[in-house]
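1. Dropping the sequence and predicted coords here.
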Amino acid sequence: MSYANNMPEPSERGATPAADSDLDMAAVNALRTAVMRLSRRLKHQRVDESLSPTEMSVLGTLARCGSATPSELARKEHVQPPSMTRIVAMLEAKGLVRLEPHPDDRRQKTVTQTEQAESMLAASREKRNAWLADLAGQLDEDEWARLRAAAPVLEKLAHS
């Protein structure tokens, strides 16, 4: 065992988490807990407190992926289509999205974020980055280096 306080080298671990020792499962549990707590705290660092985390997530998906139908958004956000219809209606009422005719299917609508949503998302990103930078400023040099090195690994896990 050599890195990250008793995490075994990859060659010492089994091929699957189920094959790992209790010590590894303790590390997995600690990682899960830390990521969830940090994520929860980050979600509260937003500019518009009137939006739910789900509404913010939908706006983020539109920002990353571009316009989409409500059904596509429901799949991407892992919610039922009727729920997404309500979310889109609330976002439209707040002026954050607009519904446009679908280019290929007149029965459907396409959801597009507005400039107001883009500005609000940019301000929220800035607020979250500043909050996280303040926290990171409390780390020593070694902790900050380890955290920077972990970011690509966490990103890989997030997209698995």
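-> Yep, that arrived.
2. Contacts only, for the residue nearest to the spatial centre of the chain.
-> Taking Cα atoms, centre = their mean, the centroid of the chain lies closest to S57, which sits 7.4 Å from it. For S57, the contacting residues are E77, by Cβ atoms under 8 Å, 6 or more residues apart in numbering. In short, each C-beta sits where N, CA and C put it, glycine included.
3. pretty sure R98 contacts T114?
-> Yes. Using Cβ atoms under 8 Å, R98 is in contact with T114, at 5.9 Å.
4. Would you indicate which residues of the helix or strand that contains R125 are buried?
-> Per DSSP states H and E: R125 is located in helix 115-136. Within helix 115-136, the residues that count as buried by 16 or more other Cβ atoms under 10 Å are A117, M120, L121, S124, R128.
5. now the second one: how far from A26?
-> Meaning M120. Distance, M120 to A26, by Cβ to Cβ, to the nearest Å: 40 Å.
6. ditto for the third one
-> Taken as Cβ to Cβ, the spacing of L121 relative to A26 amounts to 37 Å.
7. who touches stretch 31-47?
-> With contacts defined as Cβ under 8 Å, 6+ apart, stretch 31-47 is touched by P53, M56, M120, A123, S124, K127, R128, W131, L132, L154.
8. How far off centre is that stretch?
-> 10 Å (Cα atoms, centre = their mean, to the nearest Å).
9. tell me the contacts of E77?
-> T54, S57, V58, T61, M84.
10. Please give the number of neighbouring residues around the third one.
-> Looking back up the chat, that one is V58. Neighbour count for V58, taken as other Cβ atoms under 10 Å: 29.
11. Restrict whichever strand or helix holds it to CA atoms and write it as PDB.
-> Using DSSP H and E, V58 sits in helix 53-65. Extracted C-alpha coordinates of helix 53-65, given in PDB (Å, rounded to 0.1, in the frame of the first residue of the first chain):
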ATOM      1  CA  PRO A  53     -31.500  22.500  -8.400                       C
ATOM      2  CA  THR A  54     -33.400  20.600 -11.000                       C
ATOM      3  CA  GLU A  55     -34.200  23.800 -12.900                       C
ATOM      4  CA  MET A  56     -30.600  24.800 -12.700                       C
ATOM      5  CA  SER A  57     -29.500  21.400 -14.000                       C
ATOM      6  CA  VAL A  58     -31.800  21.700 -17.000                       C
ATOM      7  CA  LEU A  59     -30.400  25.100 -17.900                       C
ATOM      8  CA  GLY A  60     -26.900  23.600 -17.500                       C
ATOM      9  CA  THR A  61     -27.800  20.800 -19.900                       C
ATOM     10  CA  LEU A  62     -29.100  23.200 -22.400                       C
ATOM     11  CA  ALA A  63     -25.900  25.300 -22.100                       C
ATOM     12  CA  ARG A  64     -23.700  22.200 -22.700                       C
ATOM     13  CA  CYS A  65     -25.800  20.300 -25.300                       C
END
